[in-house]
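Enquirer: With the sequence up front, the predicted model follows.
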Amino acid sequence: MQAALTRGIEQAFHTYSLADFSTECQPFRPVALAKNRGKQREDDAAPKGEPMKTPDCGLERRRGNFSRMISLEVLLMASCCGASQTHPSLASTYEILYGQPVDADPTTGGIVLIADSHYHYLLGKPTFFQTRFTDAKFSSSAIRSPQLDLFGEDLLQEALDSEIVSGHAEALIHLGDGLDFACDAEWAHFLAQMSASNAIWVMTPGNHDAFFFGNFDAENTADDWKASCANGGEPIRKDRFIELYLQALANQPKNISLRAALSVKHDNGVWHCGPGSSPCQDMFLQDVVWQLDHSQPSRSFIAQRVNLGYSRVRPTRPMASIDGILIDTSQYERGVGLELAALEKAAGKMGQILDDQRKVVDGWVKDAKDKRTVIPMGHHPYGELEEHSRGLVDAIMTNSPFYVSAHTHDGRYLVHGKTNAGWMELNLGSILDWPPNYRVLSFFQRPDGRAVARAWYLAPEGPNQRALKCPVGNQWEAKPTDSDFFVSYTTLSGLAAFDYAKTQRLIFDVLLSALGRMFRCVPEAGSSARCTAATASTCASGFCVEGVCCSTASCSGPCQSCAVAGHEGTCTSAAAGTEILGSCADGQACDGSGVCKSKNGVTCSSASVCASGFCVNGVCALPEGQCAKNSRQDAAIEAARAQNDLDVKAKLIRELMALAADPNHFQQKNLWSQYRFCQAQWASHYEHEESRLPAVRDEYFLLPETRASR
């Protein structure tokens, strides 16, 4: 089969009619730079001396296929094809614009589009689904870099902080796969993160939110699913995911009336914000319809309609009438198990929309006719919907500018429909897997009434573009020879690749080493007390020293501590940076070898006088990218790594993860945040063998007329 892509284009330099793009199957080739392009960055093109490789045009995410793809400004592509096949091109009424049209007025605020954040529960029991063999042969996301599972949530947090907490965006749409195995612990963590942002948000289910391994929902995988969720709650099947999500939706302040609807009709319900009422105009969420099937959970669905013209502050000008319809593409006639004959119908391979949901969506589309523009959104891309389900999207697209999807982790534009009359699909990338990205969608209107969509492609870099400032080639970043190297779990081969206990043990050891690096590189604050003078009588020795039960009444000599992690209860040399009351003079701390030296923040003339071992700009400090020789946690970590017992390792990992996630446990919150974010970026990058950071792109499209926009 001949590799095939429709001709790529670079969007930010001319007004293009998308109907002019080649429809022949051919490798991607960059369009020559337009003469008015000016100061194009060199890293946006292929590296000098290297040929532009043809990306894989299939929809499955494969490790290594991202190389050089992020340099493309826009990639309009069709699926792979044979020599005799042709592909549609966009209708001539679509155009890509060079920047924001000067005569266009904004008609909506910004709505964040985000997907595939995959919070992964790390501490379950090992199963064959998480082996090196499965990862290499069947799914490249069976095992992600352990640091990506450990710190990946910070990429989502960066997007929330940048767009929602800052007030830049009005609301957020998550297009599915917030979870990974679909365990209670994953949902609890995901919900806590979303709720803490105070975002107005909605979500449509993805295949990983309610199906084991993103694919299965049948008895012959039930034991593995429970094992993967062990000590993290129960597996979440589709009916229960919708129940949990509805409760979260009802707990948002503006959706309080949804609570009453849930109490009346729990399993099958219809909720509307109120036709024509003032409160409805002020709400993002407009309609919710759900049906729960407890006997066949995969048949359950939730469909939602949102107001893409929503603004938190009542605007002084009329806002656009644009409905976003969130379609549940993870609704299946029956759950799929681990049978070879059925694998092509697994939730990760195919999306489906059953007739009961289709009637709901058809009703909303009919109601919007001639009054409001409709933009359908679903987790699965159009090309991965089964044929009958594609018919629903086809019907909507007769009066819709584009379809928004996720699932592929690639982030791309696709063209569907008839030759010279195709319509556009905006496929979101993943906020987790390289290159991590999300979109901010907004709309404008020209004087002639034509609508312009802005689909701003953003990387989670934060307001100060921290991703560009992650220190490289220093002690923060694991090297290939280190025990916590990002992809060191791939070392298993041969029969060991089938051994899921050995795989889990290796992953746990990498996690322990990664946590150890964090505690060495981000100085901890003082340890919390576990006993007091008043409760010393509860200690076997009768002595409470530095908040822990100690074998002696006090530790003699400077920098001796009874609270060193792994040595609690026995006097031991304190870790570098530790301040022990009465042990060192004011302005001093321990240097890790039993000597008191100047603590961080004290002026210095040389590194030798500093407890940290560094004198930066005349002040004792642990500079960004440098790490102390040891930490309070080192002894416990090494003891756990030496154990074969997975439960012992998991117990310590759980404890250390709780500390690592708490900014108050560390001396500097900014350094804590920066370190976690950089680890997530590096892990995502190493997972996909990509060397460049994703580029921010501001993309504008002149949309075809719809009856509602006339």
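Expert: Right, received. Where do you want to start? Numbers count the residues shown, from 1 in each chain.
Enquirer: what are the ranges of the helices in this structure?
Expert: Assigned by DSSP state H, the helices in the chain fall at 132-137, 146-151, 153-159, 184-196, 222-228, 238-250, 257-264, 278-281, 355-368, 387-396, 500-521, 634-641, 646-660, 669-687.
Enquirer: Let me have the longest one in CSV, keeping just the CA atoms, if that works.
Expert: It refers to helix 500-521. Extracted as CSV, the C-alpha positions of helix 500-521 are listed here (Å, rounded to 0.1, in the frame of the first residue of the first chain):
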residue,chain,number,x,y,z
TYR,A,500,4.3,-8.8,34.1
ALA,A,501,5.6,-9.1,37.6
LYS,A,502,9.2,-8.4,36.5
THR,A,503,7.9,-5.5,34.3
GLN,A,504,6.0,-4.0,37.3
ARG,A,505,9.1,-4.4,39.5
LEU,A,506,11.2,-2.5,37.0
ILE,A,507,8.6,0.3,36.7
PHE,A,508,8.4,0.6,40.5
ASP,A,509,12.2,0.8,40.8
VAL,A,510,12.3,3.5,38.1
LEU,A,511,9.5,5.4,40.0
LEU,A,512,11.4,5.1,43.3
SER,A,513,14.6,6.5,41.7
ALA,A,514,12.7,9.3,40.0
LEU,A,515,11.1,10.3,43.3
GLY,A,516,14.6,10.1,44.9
ARG,A,517,15.9,12.5,42.3
MET,A,518,13.1,14.9,43.0
PHE,A,519,13.8,15.0,46.7
ARG,A,520,17.5,15.6,46.1
CYS,A,521,16.8,18.4,43.5
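Enquirer: orientation of that helix relative to helix 646-660 in degrees?
Expert: With axes from the mean of the first three to the mean of the last three CA atoms, to 10 degrees as the basis, helix 500-521 and helix 646-660 are set at 30 degrees to each other.
Enquirer: Report the inter-axis angle for the longest strand belonging to the chain versus helix 387-396.
Expert: In the chain, taking DSSP state E as the definition, the longest strand is strand 402-418. Angle of strand 402-418 versus helix 387-396, following the same axes, to 10 degrees, is 100 degrees.
Enquirer: List the buried residues for strand 402-418?
Expert: The neighbour-count check on strand 402-418 (16 or more other CB atoms under 10 Å) flags 402-417 as buried. Glycine gets a C-beta too; all of them are placed from N, C-alpha and C.
Enquirer: just those residues: which has the poorest pLDDT?
Expert: The member of these with the lowest pLDDT is Gly417, at 82.
Enquirer: Was I right to think that residue contacts Met397?
Expert: Yes - using CB atoms under 8 Å, Gly417 is in contact with Met397, at 7.1 Å.
Enquirer: So for those two, which residues contact both of them?
Expert: Trp423 (CB atoms under 8 Å, 6 or more residues apart in numbering).
Enquirer: Any idea which residue is closest to the centre of this protein?
Expert: Computing the C-alpha centroid of the chain and ranking residues by CA atoms, centre = their mean puts Ser117 first, at 2.5 Å.
Enquirer: Give me the distance between Leu191 and Val289.
Expert: As judged by CB to CB, to the nearest Å, Leu191 and Val289 stand 22 Å apart.
Enquirer: Next: Leu160.
Expert: Leu160 sits 28 Å away from Val289, going by CB to CB.
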